[in-house]
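In: My questions concern the predicted model and sequence given below.
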Amino acid sequence: APFGWVIDIRTRPGYWLALLYQRGLTLEEAQEKNEWMYINFWKREEKNESIQDLLKIQEANFADLNPKIEMLPTIKRSGNNTALRKVIIDTYPCPEYTGFVEFENFIFYVVMFSPTELEKKNIRKLENIIMKVKPGIVKHETNTSS
């Protein structure tokens, strides 16, 4: 988590795997301040699927909301494609920023909500996450005993 923020592992299947927000706040308080993030993954079904493919899918989902979409310059990672997108939707209380990192089998993305006046500070936090994220495999053992 960025400095001064916490990772909340409450999941909401189909939406996020983890949440991030300022230490000392509840999720609800962070959402009221319009300053929070969530993390998710997109499984790459084919080796050639890219961030651009995911962007097209997500933008199609936004289409009915008449979004203003802008790709922003962002950090570069050695060996991994990255992207940063800003979306403004009139019915949203603040802009939505999404950072993407392309790995071999999936695309990691972190969605951040931030008031415009805190955009630069919070984009640095988002970029810190996309710079440091590493791929891994989680194995679950099943307990077969009764």
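Out: In hand now; what should we look at?
In: for the chain, what spans make up the strands?
Out: With strands called from DSSP state E, the chain shows them at 5-8, 18-22, 36-43, 68-72, 82-88, 96-102, 106-113.
In: May I see those organised as TSV, with mean pLDDT added?
Out: As requested, those are arranged in TSV below (pLDDT from 0 to 100):
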stretch	mean pLDDT
strand 5-8	91
strand 18-22	93
strand 36-43	92
strand 68-72	96
strand 82-88	96
strand 96-102	96
strand 106-113	95
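In: center of the chain - which residue?
Out: In the chain, the centroid-proximal residue (Cα atoms, centre = their mean) is residue 110; its distance is 1.1 Å.
In: could you list every residue that touches it?
Out: 20, 37, 38, 39, 40, 98, 99, 126, 129, 130 (Cβ atoms under 8 Å, 6 or more residues apart in numbering). For every residue, glycine as well, the C-beta is placed using N, CA and C.
In: from these, which single one is nearest residue 120?
Out: Closest approach to residue 120 among those (Cβ to Cβ): residue 126, at 10.8 Å.
In: Please look at the closest one and residue 84 and confirm they touch.
Out: Yes: at 7.4 Å, residue 126 counts as touching residue 84 under the criterion of Cβ atoms under 8 Å.
In: out of the two, which sits in the more crowded spot?
Out: residue 126 (22 against 19; other Cβ atoms under 10 Å).
In: Going by neighbour count, which residues in the helix ranked longest in the chain are buried?
Out: Criterion DSSP state H: the longest helix present in the chain is helix 119-132. For helix 119-132, burial by neighbour count (16 or more other Cβ atoms under 10 Å) applies to 119, 122, 123, 125, 126, 127, 129, 130.
In: How about residues contacting it?
Out: So helix 119-132 is contacted by 2-3, 5, 20, 35, 37, 39, 72, 74-75, 77, 82, 84, 95, 97, 99-101, 108, 110, 112, 114 (Cβ under 8 Å, 6+ apart).
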